[in-house]
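> sequence first, predicted coordinates after that:
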Amino acid sequence: MTSRFATMPKVELHLHLEGAIPISAMWELVERHGGDPAVTTPADLTGRFAYTDFAHFIETWVWKNRFLNTYEAFEFAAAAVARHLAEPGTDWGQMRVDSVRTKVTATGSTDGLARDIAKAVHKSVRQRGEQ
């Protein structure tokens, strides 16, 4: 029975980009964007995601999203998630992007932000398919 499941197509039906970033990619984002004195190693970063309650989850979510503050950061994160999904052979995924960060666009327009994030995610996922 196990081999039957191993060969079946994999589908990710509800994936939040910001919550699916692999630790190695998140570590790179933290380093690229100035770091955090309380998080000095990848192990510290992993520990940061051991939530104690819902309030801690929200606090960590807000903390993490400050490192997703450029078009390039979203593109990098989306590519990392796409590669991560490909490892177990996921054939199809539905990805949701929840962060709306006005810092991403030069104009501060959330309309442009949504478009820029969508472009970054689409570009990185399309590139994954070409590899």
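Sure, I can see it.

> how about the contacts made by Cys54?
Just so we're on the same page, residue 54 is Phe rather than Cys. The contact partners of Phe54, by CB atoms under 8 Å, 6 or more residues apart in numbering, come to none. Where you see a C-beta, it was placed from the backbone N, CA and C, and this is true even at glycine.

> got the confidence number for it?
With respect to pLDDT, Phe54 has a value of 96.

> just for the chain, where's the confidence low?
Scanning the chain with the threshold set as pLDDT under 70 gives 1-2, 88-89, 91-118, 120-122, 124-131.

> and the helices in it?
2-7, 23-32, 42-48, 54-65, 71-86, 110-130 (DSSP state H).

> tabulate these (a markdown table), appending distance to Leu17.
Output for the helices of the chain, formatted as a markdown table (distance: least, CB to CB, whole Å):
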| stretch | distance to Leu17 |
| --- | --- |
| helix 2-7 | 26 |
| helix 23-32 | 11 |
| helix 42-48 | 18 |
| helix 54-65 | 11 |
| helix 71-86 | 6 |
| helix 110-130 | 7 |
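
> pick the most deeply packed of those.
helix 71-86 (a mean of 20; mean count of other CB atoms under 10 Å).

> output it as CSV, nothing but the C-alphas.
Extracted in CSV, the C-alpha atoms of helix 71-86 (Å, rounded to 0.1, in the frame of the first residue of the first chain):
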residue,chain,number,x,y,z
TYR,A,71,10.2,42.2,-4.9
GLU,A,72,13.4,40.2,-4.9
ALA,A,73,12.6,38.7,-1.4
PHE,A,74,9.2,37.5,-2.6
GLU,A,75,10.7,36.1,-5.8
PHE,A,76,13.4,34.3,-3.8
ALA,A,77,10.9,33.0,-1.3
ALA,A,78,8.5,31.7,-4.0
ALA,A,79,11.3,30.0,-5.8
ALA,A,80,12.5,28.3,-2.6
VAL,A,81,8.9,27.1,-1.9
ALA,A,82,8.5,25.8,-5.4
ARG,A,83,11.8,23.9,-5.2
HIS,A,84,10.7,22.5,-1.8
LEU,A,85,7.4,21.4,-3.2
ALA,A,86,9.2,19.7,-6.1
